[in-house]
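Asks: Sequence first, then the predicted structure:
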Amino acid sequence: MILKTYTRMFSNDCDATLATLERLHGRPAHLRFQFGEWELGAIGDILVVAGTDEALAPIRDSHGPLIVRDLGAVEALLLAEGAVITTPPTDVPTGRMLYACHADGLHIEYVQWTDEVIEKLIRTPQREGRLSSEL
């Protein structure tokens with residue numbers, strides 16, 4: 001079910017954080033977008049979520065995102081295992097997402113990318129022999 005995982009880093013300055021990560025990776029971020037009060041950028045297996053401390057407060061205790069093939073199937077599995085959906089499936093610039101608090105207390109974001117994003121960020125790199133950490 002899981003296609004890709006990211007380590008999330010919180011920042012008050014997306015540009016500054018990504019600039020350092022881009023130098024470390026030797027390439028530019030492969031994903032940049034705005035969602036509500038947050039500015040997001042991804043490079044390799046890192047997702048930077050930037051905003052004010054107040055804007056970031058609701059998700060600071062969360063993990064992920066985990067990129068999944070079928071958000072509906074993930075939601076059903078999570079509910080069957082006692083999770084609570086804290087943010088129901090919501091449209092985002094890359095597809096759809098939800099937040100769930102697992103029965104053990106972990107708060108995790110799950111995202112189902114659109115077919116176009118999957119092709120660009122998973123399938124094409126795989127055909128080229130690149131790892132997701134090399135994006």
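Replies: That came through, no problem.
Asks: Averaged pLDDT, the helix or strand E39 falls within. What do you get?
Replies: E39 belongs to strand 38-43 when elements are defined using DSSP states H and E. Strand 38-43 carries an average pLDDT of 96.
Asks: got the CA coordinates for the helix-or-strand element of the chain with minimal mean pLDDT in CSV?
Replies: Sorting the helices and strands of the chain by mean pLDDT, DSSP states H and E puts helix 124-127 at the bottom, at a mean of 92. The C-alpha atoms that make up helix 124-127 are tabulated as CSV, following Å, rounded to 0.1, in the frame of the first residue of the first chain:
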residue,chain,number,x,y,z
THR,A,124,9.9,7.7,-14.2
PRO,A,125,12.7,7.7,-11.7
GLN,A,126,12.3,3.9,-11.2
ARG,A,127,12.6,3.3,-15.0
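Asks: Enumerate the positions of that helix that are buried.
Replies: By 16 or more other CB atoms under 10 Å, the buried positions in helix 124-127 come out as P125. No exception for glycine: its C-beta is placed from N, CA and C like everyone else's.
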